[in-house]
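Asks: Got a predicted structure here, sequence first:
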Amino acid sequence: MQRVKLVAIEFLRFEKNEKTLESERQPSELLNSNLFAQELLYITHALIHYMPGFISVKTIVHALLSMSPANGQEHVVTLVFNFPLLFDEFIHALYDGLVNDYSAENPNYQWLLLRENTILRICRNIPHHALRIRGDLVKNLKSPRLVLLITIEMFP
């Protein structure tokens, strides 16, 4: 129970600092712990399932992406797969940071690539959503690079 409380507090800390630029956020020692990674996923599942609305999906996505890139992306993809009713919320939380500025001077350049890679992993793991994601990106004029990647990879 103590670990659940620690994770909930960490997510609430992210929610409080949501207006801060992603590149300026302080990394979380709790979320970056490789020893704790699998348990973090179970706790996050429990928070979403048993306490819906306690922490927004957007906050959860932002917090998980602040982890080491491989763990964070994998956790987000797993959550999208396990909570299909929240698919739109997860995807819109990922769309939130997409911009068409691919210059290295963009302070959030690494976050942009991380979000794009996460969306691409979702398309690979849940292919029936790839067409819908691509359509959303085209409709909202977001990330033409990602649209091309999805088209080339998913629709040969």
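Replies: In hand now; what should we look at?

Asks: State the distance from the most centrally placed residue in the chain to residue 150.
Replies: Centre of the chain computed as the mean C-alpha position; nearest residue by C-alpha atoms, centre = their mean is residue 61, 3.8 Å away. Residue 61 sits at a distance of 19 Å from residue 150 (criterion: C-beta to C-beta, to the nearest Å). Just so you know, the C-beta spots here come from the backbone N, C-alpha and C atoms, and that holds for glycine as well.

Asks: Tell me where the chain is predicted with low confidence.
Replies: The model of the chain has pLDDT under 70 over residues 18-35, 69, 101-104.

Asks: ok, 90 please
Replies: Scanning the chain with the threshold set as pLDDT under 90 gives 1-43, 47, 51-56, 58-60, 62-73, 95-114, 140-145, 154-156.

Asks: Check it for its longest helix and report it.
Replies: helix 109-125 (DSSP state H).

Asks: What segments of the chain are helices?
Replies: 2-16, 37-50, 57-65, 69-82, 87-95, 109-125, 130-139, 144-154.

Asks: who touches the fifth one?
Replies: If you take C-beta atoms under 8 Å, 6 or more residues apart in numbering as the criterion, helix 87-95 is touched by 57-58, 60-62, 76, 79-80, 83, 115, 118-119, 122, 129, 133, 136-137, 140, 142.

Asks: quick one, it and helix 130-139 angle?
Replies: Comparing the axes of helix 87-95 and helix 130-139 via axes from the mean of the first three to the mean of the last three C-alpha atoms, to 10 degrees yields an angle of 50 degrees.

Asks: on that earlier part again, ok, of the contacts of helix 87-95, which come out buried?
Replies: For the contacts of helix 87-95, a neighbour count by 16 or more other C-beta atoms under 10 Å gives the buried set as 57-58, 60-62, 76, 79-80, 83, 115, 118-119, 122, 129, 133, 136-137, 142.
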